[in-house]
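# Predicted coordinates and the sequence they were generated for:
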Amino acid sequence: MASLELRGLRKRFDGAEIIRDVDLDIADGEFCVFVGPSGCGKSTLLRLVAGLESVSGGSIRIGGEDMTAKAPRERGIAMVFQSYALYPHMTVRENIAFGLQAKRSERAAVEEKLQEVARILELTPLLDRLPKQLSGGQRQRVAIGRAIIRAPQVFLFDEPLSNLDASLRGQMRIEIARLHQSLKTTMIYVTHDQVEAMTLADRIVVLNAGRVEQVGSPLELYRHPRNLFVAGFIGATRMNFFAVHAEESDGKTVTVALPGGASLAVPVDRASAQPGEALTLGIRPEHLRLEGEGPAISGPIEVVEELGEEQLAYLRAPDGTLLTARIPEGGRLQRGMAGRLHLPPEACHLFRVDGAALPRRG
Amino acid sequence: MIRLARHLGFALLLLAIGAFALFPFYHALVTSFRSGSFLFVPAMLPEALDPRNYELVFTQQDFGRTILNSVLVAATVTGVSLVLAVGAAYALGRVRFRGRYALLLTILGVSMFPQIAVLSGMFELIRALGLYDTLPGLMLANLMLTLPFTIWVLTTFMRELPKELEEAAYADGASALTVVTRVLLPLLWPALAPTALLAFIVSWNEFLFALTFTLSEETRTVPVAIALLSGGSRQELPWGLVMAASTVVTIPIVALVVAFQRKIVSGLTAGAVKG
Ligand SMILES: Nc1ncnc2c1ncn2[C@@H]1O[C@H](COP(=O)(O)OP(=O)(O)O)[C@@H](O)[C@H]1O
Ligand SMILES: [Mg+2]
């Protein structure tokens, strides 16, 4: 087990900056998730930590020791790849034991650990099969077994569940969470799926174009996104945004004019805006209300997605933006109806033109 | 009707190719069992199986020793080629370094010189190393023929192997040597077997270097020995003897192909698994 420190980490591929100046501290035993859109450099960052790529600048410390120039096997890491990368010519047993044999461990000790890992991952009956004789989920478990048998200081997972179907993915997600609870080893987990990030992480690192946009617990990111990118990225259904203008501000609230004319006083934490300043208002689909008092936006309901226990309704606002609302009961809205959605002021987010969020209370 | 014609055409084509490929060998085989004036009978079928030529090949000279020399040279050249080529292919196919492409082209360039062009230079080299008229000298010379293509073929295959497999092994704590021998090499079997076979055949059939760099009967290899076979008189070319000797030396190659065939098949199935 070990903590991890990244300082000013950079990576260039053929002149293109893929990782730009990443500073990050991961505590001992933490489950840290790197999340971000495809191509933002998540895998590259993970591979830098693993030592599979050399850094272009900055340093990596694992367990207090400078590992920047060390080979992967000296770093005490174990990695699970997206494609599993099982050795096709070895049986499950040989695949799992490979890491220990590479360390020249004693044969009896290897066998003992192998049996234990196989038991934890329910692979015991499959030990003599070849990878091609396994299902996707079983291959995934072998890949995980190969990592845990080495008892590393840090586990690295690169989108380990993205090749599985939805139901298996949910199941494996729980298994990985359980694994972390029982092993208590530091884990870094890469995913582009923000649901996986929210459910697994102690702390989420949101990456965008090679930069860290925000680091925080899932709730922190959900409630206090630092900028437009994080606000739009975190959350099961994307946050609604529309352009507004500030009318007045007194340090505790900023009042803005909604499309359609109503004014909304959004509570903020020691922030202000010039009257007339262009802002972006954000509100999550699950926070829009059908009933209530206060400011609302009206318009025709253009599409309704019925999910049974809830509805996703799409309302065309007067300024032309399409608003998504999650209505927590099925069957309440129909396409073509005139809709009216209330915006609870305390659920609203405000962002400046450069994307930075105005601090919120709570 | 058209399908039948097409099948028939295809069968005829196969037959023609087969006949073209096999006839010389058949002719050699038939000739090797003939002696004296029978040699010049144009008949396609042998009249009698006369094993005299085979006896003569082995009694007239130490042909067993010659075969042993050839086996030694070809096996060593093949083994050394493969070991060096696997290492080179790993570097050229998997490691990014400056000048990699130039190096690959140089290796290809080496194999473009005709053998005769490097003969005198190679001779000086071998004499300077004190290896003239020795088997190691011949092995060294033959390596120049086998290394370029073994490196090229293995580099191409090495590149095709999924990169993540190798990275998984590194992350698993393996050293570069372990990665090559335990992960990449087993997956290279489908390429390794035929490449080894080709290297063996090239070395086995090599004539010019063997003729130039060896002198005594103790270091003679098969192609040279066959070329130096002499008949009863100066004017007589001992066709029967030559063919008998040629037939004998084909046997190890055929045996190798048969042995390797299984390896090729099993290697293919092992490599076909996607991680
Ligand atoms: N070995 C490489 N050489 C050149 N470019 C690379 C290499 N690896 C990754 N990249 C580039 O780096 C960017 C980020 O890649 P990656 O880290 O795999 O993204 P993610 O895992 O977030 O989808 C991509 O634009 C990709 O093209
Ligand atoms: Mg990736």
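All right, it came through fine. Ligands and ions are numbered 1, 2, ... in the order given.
# C-alpha from now on. contacts and neighbour counts both.
Will do.
# Now do the contacts for A:Gly170.
Applying C-alpha atoms under 8 Å, 6 or more residues apart in numbering or on different chains to A:Gly170 gives no contacts.
# give me that answer again for 10 Å
Shown in contact with A:Gly170 (C-alpha atoms under 10 Å, 6 or more residues apart in numbering or on different chains): A:Leu161, A:Leu164, A:Glu196.
# Quick check: chain neighbours aside, which residue is closest to whatever residue of chain A ends up closest to chain B?
Of all residues in chain A, A:Arg73 sits closest to chain B, at 4.0 Å by C-alpha to the nearest C-alpha. Nearest non-adjacent residue to A:Arg73, counting by C-alpha to C-alpha, 6 or more residues apart in numbering or on different chains: B:Gly173, 4.0 Å away.
# So the one you found: helix, strand or coil?
Assigned by DSSP: H, G, I helix; E, B strand; the rest coil, the conformation of B:Gly173 is coil.
# quick revisit: find me the pLDDT at the residue of chain A closest to chain B, would you?
Predicted confidence (pLDDT) for A:Arg73: 90.
# B:Asp172 is in contact with that one, correct?
Yes. Using C-alpha atoms under 10 Å, A:Arg73 is in contact with B:Asp172, at 6.9 Å.
# Between those two, which contacts overlap?
Common neighbours of A:Arg73 and B:Asp172 (C-alpha under 10 Å, 6+ apart) are A:Gly99, A:Ala102, A:Lys103.
# Neighbour count, secondary structure and pLDDT added to these, as CSV?
Below are those laid out as CSV (neighbours: other C-alpha atoms under 10 Å in any protein chain shown; DSSP: H, G, I helix; E, B strand; the rest coil; pLDDT from 0 to 100):
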residue, neighbour count, secondary structure, pLDDT
A:Gly99, 26, helix, 87
A:Ala102, 18, helix, 72
A:Lys103, 14, coil, 73
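# So which of the residues you listed is the closest to A:Ala143?
Nearest to A:Ala143 out of the shared contacts of A:Arg73 and B:Asp172 is A:Gly99 (C-alpha to C-alpha; 11.4 Å).
# A:Pro295 and A:Ala265 touch, don't they?
Yes. In this structure, A:Pro295 is within contact of A:Ala265 by C-alpha under 10 Å, at 9.2 Å.
# ok, the residue nearest to A:Arg73 - contacts?
Contacts of B:Gly173 (C-alpha under 10 Å, 6+ apart): A:71-78, A:98-103, A:150, B:167, B:179.
# Quick check: A:Val35 touching A:Gly210?
No. Under the criterion of C-alpha under 10 Å, A:Val35 makes no contact with A:Gly210, lying 11.4 Å away.
# Quickly list what's touching both of those two.
Common contacts of A:Val35 and A:Gly210 (C-alpha under 10 Å, 6+ apart): A:Gly41, A:Lys42.
# So for these two, which sits in the more crowded spot?
A:Val35 (27 against 21; other C-alpha atoms under 10 Å in any protein chain shown).
# Please report phi then psi for the more buried one.
Main-chain torsions, A:Val35, degrees, to the nearest 10: phi -130, psi 150.
# measure it to B:Ile17 for me?
According to C-alpha to C-alpha, to the nearest Å, A:Val35 stands 61 Å off from B:Ile17.
# How about B:Asn69?
34 Å.
# These two: who's more crowded?
B:Asn69 (19 against 12).
# so how far is ligand 1 from that one?
48 Å (C-alpha to the nearest ligand atom, to the nearest Å).
# how many other residues sit next to the closest residue to that residue other than its chain neighbours?
Spatial nearest neighbour of B:Asn69, chain neighbours left out: B:Thr221 (5.7 Å); criterion: C-alpha to C-alpha, 6+ apart. Residues within reach of B:Thr221, counting by other C-alpha under 10 Å, total 29.
# check contacts around B:Thr221.
Residues in contact with B:Thr221 (C-alpha under 10 Å, 6+ apart) are B:63, B:65-74, B:135, B:138, B:204-207, B:210-211, B:214.
# how about a cut-off of 8 Å?
By C-alpha under 8 Å, 6+ apart, B:Thr221 lies in contact with B:Thr66, B:Ile67, B:Asn69, B:Ser70, B:Ala210.
# Pick out the residue of the stretch 1-150 of chain B closest to ligand 1.
The nearest approach of the stretch 1-150 of chain B to ligand 1 comes at B:Arg96, 10.0 Å away (C-alpha to the nearest ligand atom).
# Mind listing what's buried along stretch A:127-136?
Neighbour-count burial for stretch A:127-136 flags A:Leu127, A:Leu130, A:Pro131, A:Lys132, A:Gly136 (criterion: 16 or more other C-alpha atoms under 10 Å in any protein chain shown).
# could you give me the average pLDDT of it?
Mean predicted confidence for stretch A:127-136 is 92.
# Kindly report the same for stretch B:131-144.
When pLDDT is averaged along stretch B:131-144, the result is 93.
# Please report the distance of the residue positioned nearest the centre of chain B from chain A.
Closest residue to the average C-alpha location of chain B: B:Ile201 at 1.3 Å, with C-alpha atoms, centre = their mean. Plainly put, B:Ile201 is 29 Å away from chain A if you go by C-alpha to the nearest C-alpha, to the nearest Å.
# wait, what's in contact with that residue?
Residues counted as contacts of B:Ile201 (C-alpha under 8 Å, 6+ apart) are B:Ala74, B:Ile253.
# tell me which element it is part of?
Assessed by DSSP states H and E, B:Ile201 sits inside helix B:185-205.
# so how far is that helix from its chain's centroid?
Relative to its parent chain, helix B:185-205 has a centroid offset of 8 Å by C-alpha atoms, centre = their mean, to the nearest Å.
# Name the surrounding residues that touch the helix or strand following it.
Using DSSP H and E, the helix or strand that follows helix B:185-205 towards the C-terminus is helix B:208-213. By C-alpha under 8 Å, 6+ apart, the residues outside helix B:208-213 that reach it are B:115-116, B:119, B:123, B:126, B:132-134, B:137-138, B:141-142, B:220-221, B:224.
# again with stretch A:27-40
A:1-4, A:18, A:26, A:42, A:180, A:184-194, A:197, A:200-210, A:233.
# Now it: buried residues?
Neighbour counts over stretch A:27-40 (16+ other C-alpha under 10 Å) mark A:Ala27, A:Asp28, A:Gly29, A:Glu30, A:Phe31, A:Cys32, A:Val33, A:Phe34, A:Val35, A:Gly36, A:Pro37, A:Cys40 as buried.
# Over to stretch A:203-223?
Neighbour counts over stretch A:203-223 (16+ other C-alpha under 10 Å) mark A:203-218, A:221-223 as buried.
# now stretch A:235-244
Residues A:Gly235, A:Arg238, A:Met239, A:Asn240, A:Phe241, A:Phe242, A:Ala243, A:Val244 are the ones in stretch A:235-244 that count as buried (16+ other C-alpha under 10 Å).
# Give the rounded mean pLDDT of that stretch.
Averaging pLDDT along stretch A:235-244 yields 92.
# Next: stretch B:58-72.
The model assigns stretch B:58-72 a mean pLDDT of 90.
# Mind listing residues that contact it?
Applying C-alpha under 8 Å, 6+ apart, the set of residues contacting stretch B:58-72 from outside is B:Val57, B:Leu135, B:Trp204, B:Glu217, B:Glu218, B:Thr219, B:Arg220, B:Thr221, B:Val222, B:Ala225, B:Val249.
# Settle this for me: the second one is touching B:Ala74, isn't it.
Looking back up the chat, that one is B:Leu135. No. Using C-alpha atoms under 8 Å as the test, B:Leu135 is too far from B:Ala74 to be in contact (10.4 Å).
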